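1. Output the structure for:
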Amino acid sequence: MDMNDLHSRGLVLLGCGKMGSAMLAGWLGQGLPAASVWVQDPNPSDWLQGQGVHLNAPLPASPAVVLVAVKPQMMEQALPMLAGYGNGNTLFISVAAGTPLAFYGRVLGAQTPVIRAMPNTPAAIGRGITALIANPAGQAHLPLAESLLSAVGQTVQLTDEEQMHAVTALSGSGPAYVFHLIEAMAAAGVAQGLPDDLAMRLARATVGGAGQLAETAQESPTQLRVNVTSPGGTTAAALAVLMNEDTGLVPLMRRAMQANADRSRELAK
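-> Numbers count the residues shown, from 1 in each chain. Below you'll find the model as predicted:
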């Protein structure tokens, strides 16, 4: 199956919130015709209503791809409506957190090709990173899923579905940690005497710029950190606090991501 199949047979988007909309915007921008897209969403946004896609209309007989982008708690109601596409040549791609491949096998049939994907919110600006894992029937479709998801950023393939919990904790939820880092840096700037708006502007630009540098520079993040740190200087004084083995950022981040992965495992049961 390839992009031509997608154009001719169609793509069904089940749920079109922030993540579904980010993906759809990427695909339309890359030339997928709006006429090839069917969206099922009970509360379509104004943006979605203006895209010219088939909205809450009768679905095609055998779409190439169904992208499941509903909230996990909606899955029990939404997915059985599409069981007729199971065990066939429709590929299901799920971006619903915490819903394991086995669930799709139970609802849709064991021979249904299914790929689980964990994107993250920078997908909205084409800077996401998405981890993918396929069931046996879905393996052959990984290249198509990668090309679809590369519309919103980078992709990586996992070797084991159990890794999805760690991916959820790292890249799936990770943008929230970075946003909180910005909040924390700005609040600390205010505590040092800066006005709120100036502290926030400095924090946003610093984290955004450093992130861009970390992604594009030849050096590792470790080397970039060393480059900024003069021995006995101001950065070194701050890093002595942040890099403390007991109270620093590493043990704190380990605990935070452990809590995330534990919750992810609970939700998957």
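2. Give the bridge partners for residue 132, please.
-> residue 117, residue 157 (DSSP bridges).
3. Identify the residues contacting residue 47.
-> Residues near residue 47 by C-beta atoms under 8 Å, 6 or more residues apart in numbering: residue 21. Glycine gets a C-beta too; all of them are placed from N, C-alpha and C.
4. wait, residue 110
-> With contacts defined as C-beta under 8 Å, 6+ apart, residue 110 is in contact with 87, 137.
5. in this protein, which ranges drop under the pLDDT threshold?
-> Low-confidence segments of the chain (pLDDT under 70): 1.
6. how is it carved up into domains?
-> Using automatic domain parsing, the domain parsing of the chain gives 3-161, 174-268.
7. which of those domains is buried the deepest?
-> Of all the domains of the chain, domain 3-161 has the most neighbours on average by mean count of other C-beta atoms under 10 Å, namely a mean of 18.
8. And that one, how far out from the chain middle?
-> Taking C-alpha atoms, centre = their mean, to the nearest Å, one finds the center of domain 3-161 at 12 Å from the center of the full chain.
9. got it, and stretch 225-241?
-> 33 Å.
10. tell me which element the residue of the chain most remote from its centre falls in.
-> Ranked by distance from the centre of the chain (C-alpha atoms, centre = their mean), the top residue is residue 232, with 40.0 Å. For residue 232, there is no host helix or strand (DSSP states H and E).
11. how about the helices in the stretch 101-250 of the chain?
-> Listed in chain order, the helices of the stretch 101-250 of the chain (DSSP state H, counting those that start in this stretch) span 101-108, 142-149, 163-167, 174-191, 196-216, 221-228, 234-242, 249-268.
12. With distance to residue 4 added, can I get these in CSV?
-> As requested, the helices of the stretch 101-250 of the chain are exported to CSV (distance: least, C-beta to C-beta, whole Å):
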stretch, distance to residue 4
helix 101-108, 24
helix 142-149, 11
helix 163-167, 30
helix 174-191, 34
helix 196-216, 33
helix 221-228, 41
helix 234-242, 52
helix 249-268, 35
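13. circling back to that earlier point, out of the domains of the chain, flag the one nearest residue 167.
-> Closest approach to residue 167 among the domains of the chain is made by domain 3-161 (4.4 Å; C-beta to C-beta).
14. so residue 154 makes contact with residue 128?
-> Yes - Residue 154 lies in contact with residue 128 (C-beta atoms under 8 Å); the separation is 7.3 Å.
15. okay, and the common contacts of these two?
-> Joint contacts of residue 154 and residue 128 (C-beta under 8 Å, 6+ apart) do not exist.
16. Many thanks, have a good one.
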